[in-house]
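Asks: Need coordinates for the below:
(chains A and B)
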Amino acid sequence: MKKVFKMQDLDCANCAAKMENAIKKIDGVIDANVSFMTQKLTLEADDDRFDEIAKEAAKVCRKVDADCTVLL
Amino acid sequence: MTRKQKKMLLRILISGGLFVAGEVAAAQVWLAPALFLAAYLIIGWDVLYKAARNIVAGQVFDENFLMCIATIGAWGLAIYDRVTGAASMVGYDEAVAVMLFYQVGELFQSCAVGRSRASIAQLMDIRPDYANLRRGEEIVRVDPDEVEIGQIIVVKAGEKIPLDGVVVSGETTVNTAALTGEPAPRDLVCGDEAVSGCINLTGLVEIRVTKPFGESTVAKILDLVENASSKKARAENFITRFARYYTPAVVLSALVLALVPPLVVGGWGVWFHRALIFLVVSCPCALVISVPLSFFGGIGGASKRGILVKGSNYLEALADTKTVVFDKTGTLTRGEFEVVDLWPAKGVEREQLLETAALAESYSDHPIALSLRRAYSVDGKERVGEVQTRAGSGVSAMVDGAQVLVGNAVLMEENGIKVTVPPRAGTVVYAAREGVYLGAILIADRVKEDAAQAVAALHRAGINRIVMLTGDTEAAGKEIADQLGLDEVHARLLPGDKVTAVERMLEEQTGRGKLVFVGDGINDAPVLSRADIGVAMGGLGSDAAIEAADIVLMDDRPSGLVTAIRVAQKTLRIVRQNIVFALAVKLGVLLLSAIGYAGMWQAVFADVGVAVIAILNAARALNTKNL
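Replies: So this is what the prediction gives:
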């Protein structure tokens, strides 16, 4: 399943790149893209655990930049 | 400015005021440091806080952390100088100045990015806000998402067509500019297909919706452009990879600089200060922001001109185009046959020849028959009697009671009629009445008006091999090639041969040059996907074309390709400028500071100043008006 999430207060491009890399490493993620320009996270992951993975991805983003929230 | 930015501006002003006061009171032993400390905390508390928080979260090398070490280090040095009387030339004001300058830069950066974002969003402002749904006699304003297939929507003059559909009543003129970039009006009457995203200019029309909003042209285009940044260009990947090594490398060399030289030559304070400068320069933000921003701007700017680019990688490849391969029909030519010339036999009028041929073809739907009837528009079906179609060669018909043969040379030969072969190449139709030769009619596909101009502009843009593929005869192909100034023609190709021809040309490519194939996107999907970049033309209203290609030209003029290549070249030029500029300034400042010629100010410039300049430069990619 592929889904797009809005992100709030993603202020630094380098952080976006870091988040993207970190999300890709989460187990079950097929592909992820964090767009600094559109402030969007595109997540492609296993269907049955999707919500869980999305939550995990949001946590990873917070870890990189605590100001930034993913609107699930 | 957003509220966050306004707040920051206020903090900068207060802190700046305290900083000036501190400078004025510099002679005061206790007051000056107190003023500086207040200024520092006001401007930098959030940086300190974020750094601490991120370290707890395991993120060490971020900007905040680096700014903290640099400024706290400066404080430390100032106190160290004061206590020991050493002279590393660092005052209390330095930490404040660096933090202040950094925050000003960040504010600039955030404003510049915000502005580019807004102008890109404005470019893509084709999303309809509502649809007027007809429910019985009532008209309700609903979200386009809620409209279902088969429902009737009403579009008034001045409104955007919200969903794809078929006009069921009324007639109007629409403007396709938002989709094609060209303000070309299109007339819509009952039964015509209405494309979402066009602006209804004149009349009120009712449209029966044929696609849900998610599959409508507008939604597809928006989706495509917004997702284009996920297909990253080589330059973008290079930058992210570079950033991953750059920061740790600079931090490491800062450590070396702080420890090694003083052990050899002494002067801990001086070397520690230089190491702090390194830390300030170590953020790769200028590059990491400006490169994707340039591509995003280029893609946005291209879409404004009716060119949809499906990924930054395609834009990057397009800038390196060396070979352009055009499919002939529907791309360089209009794909409509037309009567181009007539050669009546001796004693036969031109008009008479055309009339006879057109009447004999009255009942056929063959493209040749259609072109004859278009050229001779008088209706005379009642004059035509029995018609026999000879598949692949022509027709035999009774016209005004006389037997008329219209067809190719084979048909004439079979009936023992001697023909005169006309001097020009193309599709030739011969006509004869009662066994007497009437003459020859040349039918050809007209080249598009701007085709020759586009080919010349491509040559000027540095593309040295422009090839046309066609299923036509060599002579017909050659004639068009000469007319347009093409470099090569490959004629008599079956659809399968086109793939082979493109593959051969791909093998002949050298170096980084890229091959672009331009087709109409309808029956050339295999070739489009085989080429380095597949460009489909006439995307407006053709889903197949949008699906199959990497780049879609919304209208059907070949000069759109020239614009696309120019946008790509401009974007890549900006990307290169930014990479070279940012790296040169950063490395230069690193080098100068290592040997003591650059101070904290230059370092902060190399960090945020360069980022701001690079962002402003990247924003130029958006402007594609004059390309």
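Asks: Just the buried residues of the helix ranked longest in chain A, please?
Replies: Identified as the longest helix of chain A according to DSSP state H is helix A:50-64. Across helix A:50-64, burial judged by 16 or more other Cβ atoms under 10 Å in any protein chain shown covers A:50, A:53, A:54, A:56, A:57, A:58, A:60, A:61, A:63, A:64. (Each C-beta comes from the backbone N, C-alpha and C, glycine too.)
Asks: same deal with stretch B:105-124?
Replies: B:105-113, B:116-117, B:120, B:123-124.
Asks: Could you measure from the residue lying farthest from the centre of chain A over to chain B?
Replies: Distance to the chain centre peaks in chain A at residue A:48, reaching 17.8 Å (criterion: Cα atoms, centre = their mean). Residue A:48 is 24 Å from chain B, where distance means Cβ to the nearest Cβ, to the nearest Å.
Asks: Which residues are in contact with residue 60?
Replies: Went with chain A since none was named. Residues near residue A:60 by Cβ atoms under 8 Å, 6 or more residues apart in numbering or on different chains: A:19, A:22, A:23, A:26.
Asks: meant chain B actually
Replies: By Cβ under 8 Å, 6+ apart, the neighbours of residue B:60 are residue B:54.
Asks: Give me the neighbour count for the residue in the stretch 351-500 of chain B positioned nearest to chain A.
Replies: Chain A sits closest to residue B:461 of the stretch 351-500 of chain B, with a gap of 27.5 Å, by Cβ to the nearest Cβ. Close neighbours of residue B:461, defined as other Cβ atoms under 10 Å in any protein chain shown, add up to 15.
Asks: That one: what's its closest spatial neighbour, skipping adjacent residues?
Replies: Nearest non-adjacent residue to residue B:461, counting by Cβ to Cβ, 6 or more residues apart in numbering or on different chains: residue B:565, 5.5 Å away.
Asks: Helix or strand: which one has that neighbour?
Replies: Taking DSSP states H and E as the definition, one finds residue B:565 inside helix B:559-594.
Asks: distance between that helix and the chain's centre?
Replies: 18 Å (Cα atoms, centre = their mean, to the nearest Å).
Asks: Can you name the next helix or strand after that helix?
Replies: Next in sequence after helix B:559-594, counting helices and strands by DSSP H and E, comes helix B:600-604.
Asks: between the helix or strand just after that next one and helix B:559-594, how big is the angle?
Replies: Sequence order places helix B:610-619 as the next helix or strand after helix B:600-604, per DSSP H and E. Here helix B:610-619 runs at an angle of 170 degrees relative to helix B:559-594 (axes from the mean of the first three to the mean of the last three Cα atoms, to 10 degrees).
Asks: I would like the residues contacting helix B:610-619, please.
Replies: In contact with helix B:610-619 (Cβ under 8 Å, 6+ apart) are residues B:105, B:108-109, B:112-113, B:115-116, B:119, B:285-287, B:289-291, B:293-294, B:297, B:574, B:577-578, B:581-582, B:585-586.
Asks: and residue B:501, how many neighbours does it have?
Replies: Neighbour count for residue B:501, taken as other Cβ under 10 Å: 17.
Asks: In contact with it, which residues?
Replies: Taking Cβ under 8 Å, 6+ apart as the contact definition, residue B:501 lies against B:325, B:469, B:490, B:493.
Asks: looking at those, which has the most residues close by?
Replies: residue B:469 (27 neighbours).
Asks: Return the member of the buried residues of helix A:50-64 nearest to chain B.
Replies: Top of the list for closeness to chain B, among the buried residues of helix A:50-64 and by Cβ to the nearest Cβ, is residue A:63 at 4.8 Å.
Asks: Could you report the neighbour count for the nearest residue to the closest one once chain neighbours are set aside?
Replies: Using Cβ to Cβ, 6+ apart and skipping residues adjacent in sequence, the residue nearest residue A:63 is residue B:57, 4.8 Å away. Applying other Cβ under 10 Å, we find 14 residues neighbouring residue B:57.
Asks: Ok, the one 5 residues further on next?
Replies: Taking other Cβ under 10 Å as the neighbour definition, residue B:62 ends up with a count of 22.
Asks: Kindly report the same for residue B:383.
Replies: Counted by other Cβ under 10 Å, the residues lying close to residue B:383 total 13.
Asks: What is the neighbour count of the closest residue to it other than its chain neighbours?
Replies: Nearest non-adjacent residue to residue B:383, counting by Cβ to Cβ, 6+ apart: residue B:400, 5.3 Å away. Neighbour count of residue B:400, defined by other Cβ under 10 Å: 12.
Asks: What confidence value was assigned to residue B:400?
Replies: Note on residue B:400: pLDDT of 88.
Asks: And for residue B:255?
Replies: pLDDT, residue B:255: 90.
Asks: ok but it is inside a helix, no?
Replies: Yes - checked against DSSP: H, G, I helix; E, B strand; the rest coil, residue B:255 lies within a helix.
Asks: List the contacts of the closest residue to it other than its chain neighbours.
Replies: Among residues not flanking residue B:255 along the chain, residue B:275 sits closest, at 7.0 Å (Cβ to Cβ, 6+ apart). Counting by Cβ under 8 Å, 6+ apart, residue B:275 touches B:73, B:254, B:255, B:257, B:258.
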